[in-house]
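**Student:** model this:
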Amino acid sequence: MMRLNGISLTKYKAPLIYSLFLIFWGISLYFLIIIKIIDISTLKDDTEKARFKKKKMEKSITVLKRNLKELEEEYIEKKQEQVENAKRKKMNSFANLGEFESFISEEMANNYITLITIARAESIKGSDKVYVPYAFNGTYKNIESFIEELENSSKTITFSDTPFKLQKKENWIFNGKLATNILNQQSVCAVPEDSKLTYNKVSIKKIAGITVFLFNNKKYAILKFADGTSKYLSESDKITCKGEKYRIKIINNNVFLEK
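**Tutor:** The predicted model follows:
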């Protein structure tokens, strides 16, 4: 019989063994069951998180596919619209300047309009339209009918894009520009962007009106001043103003000074 400081251990042997058994069993139970339960619970949470992420990703993919489809449909729609606009523009436009002038000449003949002058066609950079200065005469009724027929024709022709004059002499005389669309603009003169200095900015006399006409393939301008006097200028004339030398440039019924 073992004694420890006068205490007998025999009577504690059974409880001690039982306690050790319970501790061993508890530890085994923890490692064999409890940890497994914790692992299963953790795995379940991870599975739920993965499932949630998967659903979120699937939703994002669905939204992305829908957006891509909408962009594709929008692109196709815009492309079709561009094609339709190009077809419409081609139908409403003239192939070249010669076709336009022939069309105008035929309409003039139909409405008993007499052509006085036609100047060189011009276009402003960045614009689809071409402007052709015309001067013609006829009765007021015939001119009105002529303008109405042109603006209601299948081709795009307008008179109101730029100012025009209609004055009464022996007959009514029209001076202005016909605006239209011409697909081949090789024979059209583009207005330079740097043509900023107009003749009226340097003229001492106030200019009341400018008449432009074409003669022998050269442009001329008649400047009518407010005091009743007038002055003739021709394209490429050289003048000196305030010590600077300029060349006359006649564009769109206006006179510019070009260095």
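
**Student:** Do I have it right that residue 95 meets residue 180?
**Tutor:** No: between residue 95 and residue 180 there is no contact under Cβ atoms under 8 Å: 11.6 Å. For the C-beta atoms, the positions are set from N, CA and C on the backbone; glycine is no exception.

**Student:** where's residue 145 relative to residue 117, distance?
**Tutor:** The spacing between residue 145 and residue 117, counted by Cβ to Cβ, to the nearest Å, is 21 Å.

**Student:** ok, residue 64 - how many residues close by?
**Tutor:** Residue 64: 10 surrounding residues under other Cβ atoms under 10 Å.

**Student:** Have a look at this structure and report its longest helix.
**Tutor:** If you go by DSSP state H, the chain has its longest helix at helix 35-92.

**Student:** which strands and helices sit next to the next helix or strand after that helix?
**Tutor:** Per DSSP states H and E, the first helix or strand lying C-terminal to helix 35-92 is helix 97-110. Where contact means 3 or more Cβ pairs under 8 Å, 6 or more residues apart in numbering; DSSP states H and E, helix 97-110 is packed against strand 114-118, strand 129-138, helix 140-151.

**Student:** what angle separates helix 97-110 from strand 114-118?
**Tutor:** 150 degrees (axes from the mean of the first three to the mean of the last three Cα atoms, to 10 degrees).

**Student:** Now do the same for helix 97-110: mean pLDDT, whole number.
**Tutor:** Averaging pLDDT along helix 97-110 gives 84.

**Student:** Which pLDDT value belongs to residue 30?
**Tutor:** On the pLDDT scale, residue 30 gets 61.

**Student:** Can you show me the strands along the stretch 101-250 of the chain?
**Tutor:** Per DSSP state E, counting those that start in this stretch, the stretch 101-250 of the chain carries strands over the ranges 114-118, 122-124, 129-138, 157-158, 165-168, 172-181, 189-191, 207-215, 218-225, 230-234, 238-241, 244-251.

**Student:** do you know which of these lies nearest residue 99?
**Tutor:** strand 172-181 (10.2 Å; Cβ to Cβ).

**Student:** from the chain's centre, how far out does that closest one sit?
**Tutor:** On the basis of Cα atoms, centre = their mean, to the nearest Å, strand 172-181 sits 28 Å off its chain's mean C-alpha point.

**Student:** and it with strand 114-118, angle?
**Tutor:** Calculated by the same axes, to 10 degrees, strand 172-181 forms an angle of 60 degrees with strand 114-118.

**Student:** Okay, now the sheet partners of strand 172-181, with direction.
**Tutor:** Note on strand 172-181: by DSSP bridges, its sheet partners are strand 129-138 (antiparallel), strand 157-158 (antiparallel), strand 165-168 (antiparallel).

**Student:** Is it possible to get JSON lines of these that adds distance to residue 201?
**Tutor:** Shown next, in JSON lines, are the strands paired with strand 172-181 (distance: least, Cβ to Cβ, whole Å):
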{"stretch": "strand 129-138", "distance to residue 201": "21"}
{"stretch": "strand 157-158", "distance to residue 201": "29"}
{"stretch": "strand 165-168", "distance to residue 201": "22"}
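
**Student:** Go through these and pick out the most buried.
**Tutor:** Among the strands paired with strand 172-181, strand 129-138 has the highest mean neighbour count (mean count of other Cβ atoms under 10 Å), at a mean of 21.
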